[in-house]
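Trainee: Predicted structure and sequence below. I'll ask about it afterward.
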Amino acid sequence: MERGGKEAQQYVWDGAIPLQIHLHDSEVTTLPPPAPALILAPRIGYLPLLSPQLKPFFSGALPPGVDTVWFDYKGLPLKWYIPTGVLFDLLCAEPERPWNLTVHFRGYPGNVLIPCDGEDSVKWSYINSLKEAAYIIHGSSKNVMNMSQPDQIDLWRSVMNGKLETYNRISSKLKLGIVRDDFSAKLNPSSSKIQHSVDETEATAAPKASRIPVRLYICNVDEDFDDFEEELHFDSWDQISYINRPVEINGEGKYFTLLDAVKSILPEFYPNSSNTIKAEFKNEPGIEAEEESKTGIIEGTSIESVESQSLSGQPVIKLVRIQGIEPKSEIPFSWVVKNLMNPDYFLHICLYIKAPKPLDS
Amino acid sequence: MASNQATCDGSLSLIDFQIAANDFAEKWKKFNSAYPEWLWIDCSNRLGFAAHGVIDGYLSLQNVFIRRSLEEERDEGGCNDDEEPFDNATLSTSDDGDQYHFHVVYSPSYRVPVLYFHVQNTDGQPLNLDEIKTNLPTKSAKVLLESKWTFITQQEHPYLNRPWYMLHPCGTSEWMKLLLVGVDNSMATNGTERYMISWFSVVGQVFGLKLPFEMLKSIG
């Protein structure tokens, strides 16, 4: 890996969220109640992996019974299979430091959260995501499924413990090199020799038209959501839309930005930006695919010639957060993917967006 | 109009899925009237807004009562499944038996339909995975589940924000490719229609739901 790329990836892997974790009132059996635990949680990690560290703080105070650990933020049960950094970026519009969470050891909300039996469940979920990513990139999960047991264990351990070198060594065998990142090479001409060997891996892996694993977490906000001083309170996950759609890149050398990528997987808001929708509409009689607008202003897609539904305004993106960073929308998407993706090979993007409204509503 | 993609690599585009789902639901209503209907649940506005022409949603079949295993053992008399007439043994018309809800959701990652399901017993209690597995109607279902082609896992329902069970999609395109092989090109326009019916003829068997012969015949 060329130096530029390594630094960014290391930076991401080193990222951590300071947490202040309180035991839920209903589970406190001692007086005085236990002090909150202060823990640094890796961004790329998952909350249940913290329970071995947490238990010593609270075990003395717990009522008798079996422990089933779960967390909530202001009453919202946290989905444990979402990386910690993503949860923080999504739920804390104004980053809270330390982030105050509540831990529970009882009363697992099985109607809201899928079960978690500790490290094994998290590992399974991670490997499953990796398989899905491999399928998206290669059309097959074989590389991941055929990993040797020791490799699988070492890979998982490297993620748990934040060991980037081990991770890169093992994951490179999966040949999931996604896009050719031509831009880093230009930034670091002296390391072009090293870049070449990286390209080899990537060149054999990435086909001309490629799909990139992306998970988009969308929060719909109002007009006046500008300062984030107004607290966004999430009572339920229904207020957040989860979009698990791969981004399709055509590999034609056209400059493809982060914003282009986001638009391409939100045909609801950007009907002319999706390659898929455009191509398929061309097959339907009577439909004219509109030209992709460079300025991002949406023109209504006319399907019936008489009535066309126009948008009252553009969708306005208020916030894009990836790994705690708010990247400029003009940044090449390939750079973002290569450097900011999670160890599961997914790019997790948090988006605060003001949706357009239909004119006739 | 529908692409031939389905017959080539076992996968299905989103638009083709929507067409195929609609077609499947109509045929089911026509040939399988003893069962409740499949309904298309439109979720196009779940982001608060959807541009005209953008469709999002899934197929839903609710309140299917399936009696537990004993009755279905007699189905294994070595009959050719394709020729067996529609069998009411799996369907309970009264309220006894477990209550199933099935949703067919499109996966943009795997580009195939995925079967999600939820089961509760007569007391309204949801069943856990072990209970579900032991109650599966036929031996063939158990074989199917133990194969690498498909297995049951608990995941979050993509639209409902709640845990549901699903048949994992990672093997689907592989076995769909095999199922659809040998479709000659003159029938290629039928590719999309064949897809859903063929797909369901496999996954439905996990629960002892057989498609009636007339329905299978309708796709040639």
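Mentor: Sure, I can see it. Bear in mind that the values here come from a model prediction, so they are computed numbers and not experimental data.
Trainee: Now A:Ala171. Nearest residue, chain neighbours left out?
Mentor: Let me fix one detail, which is that residue A:171 is Ser and not Ala. With CB to CB, 6 or more residues apart in numbering or on different chains as the criterion, A:Ser171 has its nearest non-adjacent residue at 6.5 Å, and that residue is A:Leu155. Heads up, the C-betas are built off the backbone N, CA and C, glycines and all.
Trainee: Return the distance of stretch A:209-218 from the chain's centre.
Mentor: 9 Å (CA atoms, centre = their mean, to the nearest Å).
Trainee: Residues contacting that stretch, please?
Mentor: Here stretch A:209-218 makes contact (CB atoms under 8 Å, 6 or more residues apart in numbering or on different chains) with A:82, A:86, A:90, A:132-133, A:136-137, A:178-179, A:240-251, A:261-262, A:265-266, A:333, A:337, A:341, A:344-353, B:47, B:109.
Trainee: Which ones among these map onto strands?
Mentor: Secondary structure of these is defined by DSSP state E; positions in strands are A:240-243, A:247-249, A:347-353.
Trainee: Need the max-distance pair from these.
Mentor: With CB to CB as the measure, no two of those lie farther apart than A:Ile240 and A:Ile249, at 26.3 Å.
Trainee: ok, the two, which is more surrounded?
Mentor: Taking other CB atoms under 10 Å in any protein chain shown, A:Ile240 and A:Ile249 do not tie; A:Ile249 has more neighbours (23 against 18).
Trainee: distance of the closest residue to that one other than its chain neighbours from A:Asn244?
Mentor: On the basis of CB to CB, 6+ apart, the spatially nearest residue to A:Ile249 that is not a chain neighbour turns out to be A:Ser210, at 5.2 Å. Relative to A:Asn244, A:Ser210 is positioned 17 Å away (CB to CB, to the nearest Å).
Trainee: now A:Val86
Mentor: Using CB to CB, one gets 13 Å for the distance from A:Val86 to A:Asn244.
Trainee: what about the two, which has more around it?
Mentor: For A:Val86 and A:Asn244, the more surrounded residue by other CB under 10 Å is A:Val86, and the numbers stand at 24 against 18.
Trainee: B:Pro158 versus the closest residue to the more buried one other than its chain neighbours, what's the distance?
Mentor: Counting by CB to CB, 6+ apart, A:His348 is the residue found nearest to A:Val86 once chain neighbours are left out, at 4.5 Å. Noted for A:His348: a distance of 16 Å to B:Pro158, by CB to CB.
Trainee: more neighbours, these two?
Mentor: For the pair A:His348 and B:Pro158, the greater number of neighbours falls to A:His348 (24 against 21), based on other CB under 10 Å.
Trainee: Relative to chain B, which residue of chain A is the closest?
Mentor: A:Pro271 (3.8 Å; CB to the nearest CB).
Trainee: Make sure I have this right: that residue is in a helix.
Mentor: No - counting by DSSP: H, G, I helix; E, B strand; the rest coil, A:Pro271 is located in no helix; its state is coil.
Trainee: number of nearby residues for it?
Mentor: A:Pro271 sits with 25 neighbouring residues when counted by other CB under 10 Å.
Trainee: quick one: pLDDT of the nearest residue to it once chain neighbours are set aside?
Mentor: Taking CB to CB, 6+ apart, and ignoring the residues beside it in sequence, A:Pro271 has B:Ala51 as its nearest neighbour in space, at 3.8 Å. At B:Ala51, the model reports a pLDDT of 83.
Trainee: Now the residue in chain B that chain A sits nearest to: which helix or strand?
Mentor: The minimum distance from chain B to chain A, using CB to the nearest CB, falls at B:Ala51 (3.8 Å). Element membership for B:Ala51 (DSSP states H and E) is empty, with no helix or strand holding it.
Trainee: Run a quick neighbour tally on it.
Mentor: Applying other CB under 10 Å, we find 24 residues neighbouring B:Ala51.
Trainee: repeat for A:Pro56
Mentor: The number of residues packed near A:Pro56 is 9, by other CB under 10 Å.
Trainee: which residues touch the strand or helix carrying it?
Mentor: Under the criterion DSSP H and E, the helix or strand holding A:Pro56 is helix A:51-58. Identification of contacts with helix A:51-58 by CB under 8 Å, 6+ apart yields A:21, A:23, A:27, A:34-35, A:37, A:39, A:67, A:69, A:103, A:105, A:118.
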